[in-house]
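with the input below, show me the fold.
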Amino acid sequence: MAYVKAILSGIAAIIVTELLTIWWVLRPSQAQATGIDLIIAIVRGSVLWPLSWILAISFFAIFFAASRLDSKALRVVFFWIPTVTASCIGLTVASSIAYLIIRFRNS
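Numbers count the residues shown, from 1 in each chain. Okay, here's the model as predicted:
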């Protein structure tokens with residue numbers, strides 16, 4: 001079970017960091033790029049900004065530490081709920097993008 005918690009912590013940390021990076025790039029004051037420029041800005045933000053790496057490592061450490069709590073109630077509130085929610089949001093976004101690509105491939 002320790003491996004599952006570590007993997008879930010890592011996946012949730014990456015998803016939360018990517019969502020925060022996308023939100024940071026798409027803020028109304030900085031939303032000047034469109035099309036491929038927007039995609040490049042998001043990738044540049046998530047790969048090259050040191051803040052996104054620091055956030056990912058911090059979220060992983062927080063989630064992993066929360067998975068090791070002795071209190072079951074605190075573990076549920078600080079580990080299971082955030083990590084499962086982030087994983088479901090990431091799965092929903094990824095499956096929606098895959099559906100749109102498959103659906104409109106021949107259009």
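
Ala13 against Ile54, yeah?
No. Using Cβ atoms under 8 Å as the test, Ala13 is too far from Ile54 to be in contact (11.3 Å). For every residue, glycine as well, the C-beta is placed using N, CA and C.

if you count surrounding residues, which of the two has more?
Set side by side, Ala13 and Ile54 show more neighbours around Ala13, with 23 against 11, by other Cβ atoms under 10 Å.

what would the helix or strand harbouring that one look like as CSV? C-alpha coordinates only.
Per DSSP states H and E, Ala13 falls inside helix 2-25. The C-alpha coordinates for helix 2-25 follow below in CSV (Å, rounded to 0.1, in the frame of the first residue of the first chain):
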residue,chain,number,x,y,z
ALA,A,2,3.0,2.3,0.5
TYR,A,3,3.8,2.2,-3.2
VAL,A,4,0.2,3.1,-4.1
LYS,A,5,0.2,6.0,-1.8
ALA,A,6,3.6,7.3,-3.2
ILE,A,7,2.4,6.9,-6.8
LEU,A,8,-0.9,8.6,-6.0
SER,A,9,1.0,11.4,-4.3
GLY,A,10,3.2,11.9,-7.3
ILE,A,11,0.4,11.8,-9.8
ALA,A,12,-1.7,14.2,-7.8
ALA,A,13,1.2,16.6,-7.3
ILE,A,14,1.9,16.7,-11.0
ILE,A,15,-1.8,17.3,-11.9
VAL,A,16,-2.2,20.0,-9.3
THR,A,17,1.0,21.7,-10.4
GLU,A,18,-0.1,21.5,-14.1
LEU,A,19,-3.5,23.0,-13.3
LEU,A,20,-1.9,25.8,-11.3
THR,A,21,0.5,26.5,-14.2
ILE,A,22,-2.3,26.5,-16.8
TRP,A,23,-4.3,28.9,-14.5
TRP,A,24,-1.2,31.1,-14.1
VAL,A,25,-0.7,31.3,-17.9
